[in-house]
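Undergrad: the following block contains a protein sequence and its predicted model.
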Amino acid sequence: MTPPLAAIVAPDYWPFSVLIISVILIVVLITVLRVHAFLALILAAITAGLLAKRLPGEGKLGHWVTAVEMTATEFGATAGKIGVVIALASVIGLCLMESGAADKVVRRFLALFGRRFAGEAILISGYILSIPIFFDTFFMLLLPLAIAMRLRTGKDYLLYIMAICCGGTVTHSLIAPHPGPLAMAESLKLDLGSTIMAGIVVGLIPTACSWCVVKWINRRLQVPLREVPGMALDDLRKTFERPEAELPPFALAILPVILPILLISAASISIAIQGKGFEAADLKNGAALAQRLLAGTDPVSKFIGDHLSETNRMLLSTPQSDARLARRLDNAVVGILNDSIRAENVHDASYFDAIVLRATTAGLRTSNLQADNLVRFNRSVLEDAFAAELAPTKGLNSTLYNAAVFWGNRNVALLVGAALGILLLIRQRRGLTLASIAGMIEAPFATAGVIILITSAGGAFGLMLKNAGVGEAVKAFVGNQVSGTHLILISWTVAAVIRVAQGSATVAMLTTSAMIYPIMSGGAVLPYHPVYIFMTIGFGAMFLSWMNDSGFWVVAKLSGFTEKETLKSWTVVVTVNSISGLVACLILSKLLPFAPPAL
């Protein structure tokens with residue numbers, strides 16, 4: 001029966017017009033009228049808000065005022081995330097260059113790999129080191145090494161900068177504990193370990209492809225090493241003419257870079273362990289647990305069962321007629337348990353008073369239960385409550401977790417790195433005082449301020465496009481085009497469009513995975529392992545980084561690239577990563593489909 005016309009709601013595609021107008025405005029302002037990037041991006045963000053049909057919360061202030069105020073709010077939100085990191089990274093960079101530490105590391109690299117493979121040395125080491133660290137932070141830490149390599153070899157500046165980017169962008173979108181892949185694995189109901197292993201292995205393919213393209217670009221586009229405030233090229237060249245004996249020991253030279261990386265890595269690993277939810281492999285008997293939750297015959301089962309949605313009740317009561325439905329039931333049980341452990345302190349409820357707690361669970365209870373410590377405690381409580389149905393696991397000591405998360409916070413870790421850099425500079429240049437170093441740092445801080453302004457304006461523009469409904473418009477468009485289309489291509493296209501529209505790879509991954517999972521779990525068994533969907537979304541979220549992406553401006557302004565040079569190098573690199581990654585997933589899903597678990 002055909003639904004009445006009144007029941008048919010046509011998708012609203014006006015947000016696409018907002019996107020196109022805003023993009024054209026940015027291009028014209030920056031490339032034609034030569035307006036400063038900060039002003040161009042802020043004007044584009046306000047324009048996007050003005051053109052939007054409706055903005056969240058505009059009833060109190062009116063549409064026009066809300067567009068301006070929301071732009072300022074979104075600008076501040078982005079600045080709050082990156083401001084301290086960029087400022088501290090500029091201090092570390094200055095100290096590494098002025099102390100000769102960067103030159104020392106580069107000399108060791110060249111001695112080990114030779115001048116011919118200097119770029120490959122940065123590429124390979126960067127791929128490994130970037131796994132636990134946000135791309136922006138990672139790039140700023142390795143930038144001094146690229147500058148030092150250029151001063152030492154006298155050429156290939158673009159090559160060394162892009163060596164940092166080729167692998168760093170891949171790990172950011174494919175490998176936990178980066179926030180995008182971590183959230184994707186949970187949204188798509190995939191084993192986190194499987195996604196990490198697949199991401200590390202398959203990620204090498206686009207990294208190699210983009211590296212070949214970078215070497216081709218480097219032969220045709222010569223980007224000079226430009227002087228930035230606080231780093232006069234003449235002074236740097238004199239620094240790099242020092243004899244080996246005047247340089248710091250290698251261990252001290254690398255410490256301001258490697259220690260923040262280690263601290264951030266420790267925090268990422270601790271969060272992944274302590275906040276890890278249940279997986280199907282943790283179930284001893286998923287069917288028996290499902291029946292307990294439905295029946296509510298004991299206090300704990302009743303506590304969780306009272307919060308079940310009708311959809312979950314239906315899933316738990318589905319007969320297990322085959323292995324696929326059994327696995328689907330296990331996934332439903334796991335989802336219910338994970339919702340419970342992340343909601344609140346379950347042991348505060350009187351339902352749990354009669355549970356006999358293990359020593360490890362009781363030990364956690366005496367701690368200050370916050371963040372992932374609370375998640376770990378809740379999980380441990382449920383393991384004790386359902387001892388016959390759930391396998392027991394063990395997390396980290398809560399005090400160790402708190403220490404790792406504090407010192408591994410990227411702001412704290414970079415503050416430690418900056419302090420070590422200053423101490424190293426004082427050690428190498430006798431007579432320097434903290435007051436004189438403060439004077440040296442002022443120029444890099446000025447440069448960092450400009451970068452923070454531009455990057456935050458780009459973030460505000462991307463978030464204003466989201467508030468204007470661009471993401472929802474993409475979702476509606478794809479929802480009308482799903483039928484008969486290959487799911488890998490759909491996943492990549494959706495992620496790519498959202499990425500181009502609002503700039504953030506992480507937002508593109510979160511949005512797309514939430515949209516794609518219902519299609520994946522709609523009934524038909526995929527002809528390949530769903531980890532290919534996971535990777536495809538990650539690759540799509542790399543596509544075509546341009547002026548609404550904070551990464552674009554971090555690379556451009558810190559490296560001294562012009563906007564045109566950044567588009568010809570950085571944008572090409574991430575796009576090659578994106579497309580080659582898609583091709584790799586398409587081929588591997590045919591050649592190595594593996595046994596697809598039913599959803």
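TA: Right, received. Where do you want to start?
Undergrad: so how far is residue 80 from residue 42?
TA: 17 Å (CB to CB, to the nearest Å). In this view, the C-beta of every residue, glycine as well, is placed from N, C-alpha and C.
Undergrad: swap in residue 550?
TA: Residue 550 is 13 Å from residue 80, by CB to CB.
Undergrad: higher neighbour count, those two?
TA: residue 550 (25 against 10; other CB atoms under 10 Å).
Undergrad: roughly how far apart are the more buried one and residue 490?
TA: Taking CB to CB, one finds residue 550 at 27 Å from residue 490.
Undergrad: any low-confidence regions in the stretch 201-350 of the chain?
TA: The stretch 201-350 of the chain contains residues with pLDDT under 70 at 228-233, 235-236, 238-240, 320-325, 349.
Undergrad: which parts of it are strands?
TA: Using DSSP state E, counting those that start in this stretch, no strands are found in the stretch 201-350 of the chain.
Undergrad: shaky segments in the stretch 351-500 of the chain?
TA: Scanning the stretch 351-500 of the chain for pLDDT under 70 picks out the ranges 351, 366-368, 471, 474-485.
Undergrad: dihedrals phi and psi, the closest residue to residue 14 other than its chain neighbours?
TA: Leaving aside its chain neighbours, residue 14 sits nearest to residue 53 (6.2 Å; criterion: CB to CB, 6 or more residues apart in numbering). Per-residue torsions, residue 53: phi -70, psi -40 (degrees, to the nearest 10).
Undergrad: quick check: the gap between residue 27 and residue 342.
TA: Going from residue 27 to residue 342 by CB to CB gives 43 Å.
Undergrad: cool, residue 502 as well?
TA: For residue 502 relative to residue 342 (CB to CB), the value is 26 Å.
Undergrad: looking at these two, which one has more neighbours?
TA: The residue with more neighbours, out of residue 502 and residue 342, is residue 502; 26 against 14, by other CB under 10 Å.
Undergrad: tally of neighbours for residue 308?
TA: 18.
Undergrad: what sits closest to residue 82 if chain neighbours are left out?
TA: residue 455 (5.9 Å).
Undergrad: what sits against residue 410?
TA: Counting by CB atoms under 8 Å, 6 or more residues apart in numbering, residue 410 makes contact with 85, 133, 134, 137, 260, 264.
Undergrad: from residue 141, how far out is it?
TA: Residue 410 is 10 Å from residue 141, by CB to CB.
Undergrad: next: residue 306.
TA: 49 Å.
Undergrad: more neighbours: the two, which one.
TA: residue 141 (28 against 10).
Undergrad: how many residues are close by the closest residue to that one other than its chain neighbours?
TA: Distances taken as CB to CB, 6+ apart place residue 257 nearest to residue 141, at 5.1 Å, with adjacent residues excluded. A count of nearby residues for residue 257, using other CB under 10 Å, gives 24.
Undergrad: isn't residue 257 right up against residue 139?
TA: No: counting by CB atoms under 8 Å, residue 139 is not a contact partner of residue 257; they are 12.0 Å apart.
Undergrad: residue boundaries of the helices in the stretch 451-599 of the chain?
TA: With DSSP state H, counting those that start in this stretch applied, the stretch 451-599 of the chain shows helices at 470-479, 487-502, 505-520, 531-540, 550-559, 563-591, listed in chain order.
Undergrad: what's the answer for the stretch 251-400 of the chain, then?
TA: Going by DSSP H, counting those that start in this stretch, the stretch 251-400 of the chain shows helices at 286-295, 299-305, 310-316, 323-341, 359-365, 371-385, 398-407.
Undergrad: which residues touch residue 183?
TA: For residue 183, the contact set (CB under 8 Å, 6+ apart) comprises 506, 509, 510, 513.
Undergrad: most neighbours of all these, which one?
TA: Counting neighbours by other CB under 10 Å, the top entry in the contacts of residue 183 is residue 509, with 30 neighbours.
Undergrad: how about that one: what's its closest non-neighbour residue?
TA: Leaving aside its sequence neighbours, residue 509 sits nearest to residue 180 (CB to CB, 6+ apart; 3.8 Å).
Undergrad: residues in contact with that neighbour?
TA: By CB under 8 Å, 6+ apart, the neighbours of residue 180 are 172, 173, 505, 506, 508, 509, 510, 538, 541.
Undergrad: next, the nearest residue to the fourth one once chain neighbours are set aside: secondary structure please.
TA: Read that as residue 506. Of all residues not flanking residue 506 in the chain, residue 180 sits nearest, at 4.1 Å (CB to CB, 6+ apart). Classification of residue 180 using DSSP: H, G, I helix; E, B strand; the rest coil returns helix.
Undergrad: just to revisit the earlier point, which among the helices of the stretch 251-400 of the chain is found nearest to residue 118?
TA: helix 398-407 (32.5 Å; CB to CB).
Undergrad: what angle sits between that closest one and helix 371-385?
TA: 150 degrees (axes from the mean of the first three to the mean of the last three CA atoms, to 10 degrees).
Undergrad: now helix 398-407: how far from the chain's centre is it?
TA: 22 Å (CA atoms, centre = their mean, to the nearest Å).
Undergrad: now do stretch 150-168
TA: 23 Å.
Undergrad: what stretches of the stretch 1-150 of the chain score poorly on pLDDT?
TA: In the predicted model, the stretch 1-150 of the chain carries pLDDT under 70 at residues 1-11, 132-133.
Undergrad: what about the helices in it?
TA: Using DSSP H, counting those that start in this stretch, helices in the stretch 1-150 of the chain cover 14-27, 37-51, 58-61, 63-99, 101-113, 118-129, 135-153.
Undergrad: and the helices of the stretch 451-599 of the chain as CSV, adding distance to residue 37?
TA: What follows is the helices of the stretch 451-599 of the chain, written out as CSV (distance: least, CB to CB, whole Å):
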stretch, distance to residue 37
helix 470-479, 21
helix 487-502, 17
helix 505-520, 20
helix 531-540, 26
helix 550-559, 7
helix 563-591, 7
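Undergrad: between these, which one is closest to residue 419.
TA: Minimum separation from residue 419 across these (CB to CB) falls at helix 550-559, 21.0 Å.
Undergrad: report the contact partners of the closest residue to residue 531 other than its chain neighbours.
TA: Leaving aside its chain neighbours, residue 531 sits nearest to residue 198 (4.8 Å; criterion: CB to CB, 6+ apart). By CB under 8 Å, 6+ apart, the residues touching residue 198 are 531, 534, 535.
Undergrad: ok, 10 Å please
TA: 174, 175, 190, 529, 531, 532, 534, 535, 585, 588, 594 (CB atoms under 10 Å, 6 or more residues apart in numbering).
Undergrad: flag the least confident of the residues you listed.
TA: Across the contacts of residue 198, the bottom pLDDT score, 75, is held by residue 594.
Undergrad: leaving out the residues flanking it, which one is nearest to it?
TA: In space, residue 594 is closest to residue 529, 4.2 Å off (CB to CB, 6+ apart).
Undergrad: equivalent analysis for residue 289, please.
TA: Nearest one to residue 289, counting by CB to CB, 6+ apart, is residue 389 at 4.0 Å.
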